[in-house]
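> could you look at this predicted model? Sequence included:
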Amino acid sequence: MDEVHHDWKNTINLNILFLKVMGLWPRKNEVYKPGFYMVYCGIVVTLFVAWHIFTQVINIYFVGNNFESVVAIAYIILIEITAIFKVFFVIKNTKKLKERMALLKSNWFQKSNHEQKVLIESSIKFWKSVYRMFIAMSVSCNTFWLIYPLLDSSAEEKRLPFLAWYPYDYRISPLYEITYGFQVFSATYLTLVHLNVDNLMYTFNVYMKCQFDILSDNLRNFTKMSSDFNKSLIMCVLHHKRILSFVEDCSKFFNWIFFSHLIISGISIGITMFQLSIVVPFSSEFYSLVSFGVAITAQIFMYCWYGNEVELRSNLVSYAVFESDWTDLPLNVKRNLLIFVINVINPIKISAFNVFYLSLATFMTILKTAWSYFALLYQLSLRNK
Amino acid sequence: MMKFKVSGLVADLMPNIRLIQGSGHFMLNYHADNSGALHTLRLGYCCVTLVFMLLQYGCNFVNLVLERGDVNDLAANTITVLFFTHCITKFVYFAVRSKLFYRTLGIWNQPNSHPLFVESNNRYHALALKKMRRLLYIIIVWTSFSAIAWTSITFVGESVHTTKDPENENLTISEPIPRLLVRAWYPWNAMSGMPHMLTLIFQVYYVFFALAHANLLDSLFCSWLIFACEQLQHLKEIMKPLMELSATLDTYVPKSADLFRAPSATSQDNLIENDYNSKNEDLKGVYSTRQELGGHFRGAALQNFGAGGVGPNGLTKKQELMVRSAIKYWVERHKHVVRLVTAIGDAYGVALLLHMLTSTIMLTLLAYQATKITGVDKYAATVIGYLLFALAQVFHFCIFGNRLIEESSSVMEAAYSCHWYDGSEEAKTFVQIVCQQCQKAMSISGAKFFTISLDLFASVLGAVVTYFMVLVQLK
């Protein structure tokens, strides 16, 4: 068990290290106090995020007439807007996020006995492999995206990975390399933002899921836990209440992020497919688009998958009560049980403002929407030709 | 002359009511002086407004029929006619079903009260009042802004329409038409001069009053919902003190457990000293009554209810009576809120259904019109203006309907989140019944066809986008 504990801590610490480097995680328990770190964060965010996106937005105005260029720029801007939301909300909620993270670190294994730790082990392993897979995907996506202008075009036609407007002519030799380098840094920064903030969210969701598993197991055996049934039941009730408050806090942080992600994913996947249909097949631009499409689909899939998992696990809690040995209990304990069951019958659904729920059904809706946008854009481009 | 007293909802919504009466709706109650002459005068005013609205609407409709040759004109005129159908429908609906509105307005005239919960009740009442006022200001500003924008945009751009060239069948020429807010047919020539000025003024009056009719009724509906939601918040807030009131006293002061020889299973004394659960050591710090109950901790104060006379629930007689009266207050107030919400649904449900029907057709046509936008010009501005206004009207009542659903389903969570396990058996039965009853959320339905919630708005928005995409492809 200790290796699982150890590995898990490693993954979380890696995640936090990335966030620290990106200027989003002030040291220890501090919030953003005026000082070196805050200045560093300010510079990094303004330069790599705000300036980068701003130049691309201005570029839309300059290429207004060419339908395909507008589409090409627009959808990258959309993904970057989700990155802005993520940066903004992480900075805004730093204190609460840190508190939750501290709670998570101390509490994850404390509450469970040996059998429960076995239960959780598989979830934790899955989560770790998801993180590693994401790192791999984003690295490959980033690499492809940043290299294709070099591979695809000849030396004279100096292209940049992101179509943006600069107040100077970027084609002149030293300026071209500097601008290219700047775009490399920006793109890497944005990818890291997506990767790590998403992983933060997955971590919280995995924690919720494991807590529900532990709660279900406790409920199944609450008659065996001690001689005073009422006390053990009430402990489970308190545990459940703590989980509920954790879920509520998390949804407060992540509301806007989920909302923007859900809306923008459908559009982006559709446009990526459209882009794939117009570029030269099997060029490196093609590969970069493929890896980008795979990455954003996987990203929204993991959101919906974890939301679904939490919903499924919370559904099992009421069954767990029924599986316990309740038939011989005194009446007053049964009444407490009744009140508890009425309240856990409805599953906990993670949502964005209670309008869109994170579940696999939502994922299917997003894919269908993406397909319809792709069909529309394809028709429009055929017509324009 | 009898002093005119208002109470309950009518007192709270007096500004709304006065505005509604001012705009010409058939609301003839709620006046201090309802003598024959004044009553006839007011009735006359309402009838005159009705006649004007119908006349102008008729002129619009005649124009629609006359200009049905050209597809673009047909679409544009249909949208205008449908837009004003909202307003006429609401006006006539109110006139026909004003009894139900009066009944809803009178439902809250005699609310119950309990000395323990008066402060909370007043606080939430004041909150509701503040929100209703704020909504009313926003609606007034929005209506005036729309009317002014409509008037100003009339004076931008050319006032022409295209017809077939009388010389050459295949060409179209543009023919000037009167510069008015809405295209309508008049039996007089309104091109210029005095008739044009008078027609323009009449149309400004028409547009402003029509928008006011529709929006004021919607805001009345939403104000009712605000009131119901704040009452539910009040009920949620008093759940916790109610449970504390009924708590068996030995949980507060463990040492005096022998005073209250309640049946063993319910006693929760010594939870803090018990260390049987070595695995869950953190609970020692978690379940400490002083920490959990915070400001409401009353400690030994509740013990002084006379010696002896301990009831079966572990409470003294006096305490039991107080708990029972508090529970009664809670349940009666909840039933009153349910009656209010049912009355609101009965009064306004059909109007919402008609609104959604008209909106669906209008938004489909607007999607079609939107596909013809070529640039930033007067046409684009008018299409987008119509679209935004229609969507804003739907959003207005969807958001308050959604809030009602959320508030009513969170009553169950409030019941659960208080310390129900500490309460007496009677209180626990009460919590159980509340949880079971409040599992189903209270909602307003459009005559049982659909529920008013943000889902409805999302589906309307989605439908508009879908129609737009399909029509763009068919172009």
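Structure received.
> tell me which helix or strand comes right after the helix or strand containing A:Ser251.
Per DSSP states H and E: A:Ser251 is located in helix A:229-278. The first helix or strand that comes after helix A:229-278 along the chain, using DSSP H and E, is helix A:284-323.
> give me the angle between whichever helix or strand comes after that next one and helix A:229-278.
Remark: after helix A:284-323, the chain's next helix or strand is helix A:331-344, criterion DSSP H and E. Interaxial angle of helix A:331-344 relative to helix A:229-278 (axes from the mean of the first three to the mean of the last three Cα atoms, to 10 degrees): 10 degrees.
> ok, back up a step: show the average pLDDT along the helix holding A:Ser251.
What helix A:229-278 shows for mean pLDDT is 87.
> that one and chain B in contact?
Yes - for helix A:229-278 and chain B, the contact criterion (Cβ under 8 Å from any Cβ of the partner chain) is met by A:Phe229, A:Asn230, A:Lys231, A:Ser232, A:Ile234, A:Met235, A:Val237, A:Leu238, A:Lys241, A:Leu244. Where C-beta positions appear, they are placed from N, C-alpha and C, glycine not excepted.
> elements contacting the helix or strand that contains B:Ala126?
Following DSSP H and E, one finds B:Ala126 within helix B:118-154. Contact here means 3 or more Cβ pairs under 8 Å, 6 or more residues apart in numbering or on different chains; DSSP states H and E; on that basis helix B:118-154 packs against helix B:8-12, helix B:14-22, helix B:193-245, helix B:378-417.
> as TSV, those with distance to chain A would be great.
What follows is the helices and strands packed on helix B:118-154, written out as TSV (distance: least, Cβ to the nearest Cβ, whole Å):
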stretch	distance to chain A
helix B:8-12	28
helix B:14-22	29
helix B:193-245	12
helix B:378-417	4
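> in the stretch 151-300 of chain B, where is pLDDT below threshold?
Applying pLDDT under 70 to the stretch 151-300 of chain B flags residues B:162-166, B:168-169, B:248-300.
> swap the cut-off to 50 and go again
Applying pLDDT under 50 to the stretch 151-300 of chain B flags the ranges B:249-300.
> and for the stretch 1-150 of chain B?
Ranges of the stretch 1-150 of chain B meeting pLDDT under 50: B:1-2.
> try it again at 70.
For the stretch 1-150 of chain B, the stretches flagged by pLDDT under 70 are B:1-4.
> find the closest residue to chain A in it.
Nearest residue of the stretch 1-150 of chain B to chain A (Cβ to the nearest Cβ) works out as B:Lys131 at 19.5 Å.
> so who does the residue nearest the centre of chain B touch?
When Cα atoms, centre = their mean is applied to chain B, the residue found nearest the centroid is B:Cys222 (2.2 Å). Shown in contact with B:Cys222 (Cβ atoms under 8 Å, 6 or more residues apart in numbering or on different chains): B:Leu135, B:His396, B:Phe397, B:Phe400.
> by pLDDT, give me the weakest of those.
Of all these, B:Phe397 carries the smallest pLDDT score, 91.
> neighbours of that residue, just the number please.
A count of neighbours around B:Phe397, defined by other Cβ atoms under 10 Å in any protein chain shown, yields 24.
> tally of neighbours for residue 119?
Went with chain A since none was named. 14.
> I was thinking of chain B, sorry if that wasn't clear
Per other Cβ under 10 Å, the neighbour tally for B:Glu119 reads 10.
> might one say that B:Gln473 is in contact with A:Leu377?
No - applying Cβ atoms under 8 Å, one finds B:Gln473 not in contact with A:Leu377, separated by 10.5 Å.
> the two: who's more crowded?
The residue with more neighbours, out of B:Gln473 and A:Leu377, is A:Leu377; 21 against 13, by other Cβ under 10 Å.
> dump the residue contacts of the more buried one.
A:Leu377 neighbours (Cβ under 8 Å, 6+ apart): A:Val71, A:Gly270, A:Ile271, A:Phe274.
> so which of the residues of helix A:229-278 next to chain B is the closest to B:Leu200?
Comparing the residues of helix A:229-278 next to chain B against B:Leu200 with Cβ to Cβ places A:Leu244 closest, at 60.8 Å.
> quick check: the residue nearest the centre of chain A vs A:Cys304, distance?
What sits nearest the mean C-alpha location of chain A, by Cα atoms, centre = their mean, is A:Asp198, with 2.4 Å. A:Asp198 sits 12 Å away from A:Cys304, taking Cβ to Cβ, to the nearest Å as the criterion.
> again, but for A:Ile257
14 Å.
> more crowded one of those two?
More crowded of A:Ile257 and A:Cys304, by other Cβ under 10 Å: A:Cys304, with 23 against 20.
> can you pull the contacts of the more buried one?
Contacts here follow Cβ under 8 Å, 6+ apart; on that basis A:Cys304 touches A:Leu358, A:Ser359, A:Leu360, A:Thr362, A:Phe363, A:Ile366.
> so B:Glu332 sits against B:Asn112, correct?
Yes - look at B:Glu332 against B:Asn112 with Cβ under 8 Å: they come within range, at 5.2 Å.
> returning to what we had before: what separates the helix holding A:Ser251 from the chain centre, distance-wise?
Relative to its parent chain, helix A:229-278 has a centroid offset of 9 Å by Cα atoms, centre = their mean, to the nearest Å.
> quick one: it to helix A:284-323, angle?
For helix A:229-278 against helix A:284-323, the angle by the same axes, to 10 degrees is 160 degrees.
> what's the weakest-modelled helix or strand in chain A?
Lowest on mean pLDDT, DSSP states H and E among the helices and strands of chain A sits helix A:2-21, with a mean of 74.
> which other helices and strands does that one contact?
helix A:94-107, helix A:114-152, helix A:173-220.
> format these as CSV; extra columns: mean pLDDT and distance to chain B.
Shown next, in CSV, are these (pLDDT from 0 to 100; distance: least, Cβ to the nearest Cβ, whole Å):
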stretch, mean pLDDT, distance to chain B
helix A:94-107, 79, 8
helix A:114-152, 83, 10
helix A:173-220, 86, 10
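> give me whichever of those helices is most buried.
Between the helices and strands packed on helix A:2-21, helix A:173-220 has the highest mean count of neighbours, a mean of 20, where neighbours are mean count of other Cβ atoms under 10 Å in any protein chain shown.
> that helix: what's the following helix or strand?
Next in line after helix A:173-220, if elements are assigned by DSSP H and E, sits helix A:222-225.
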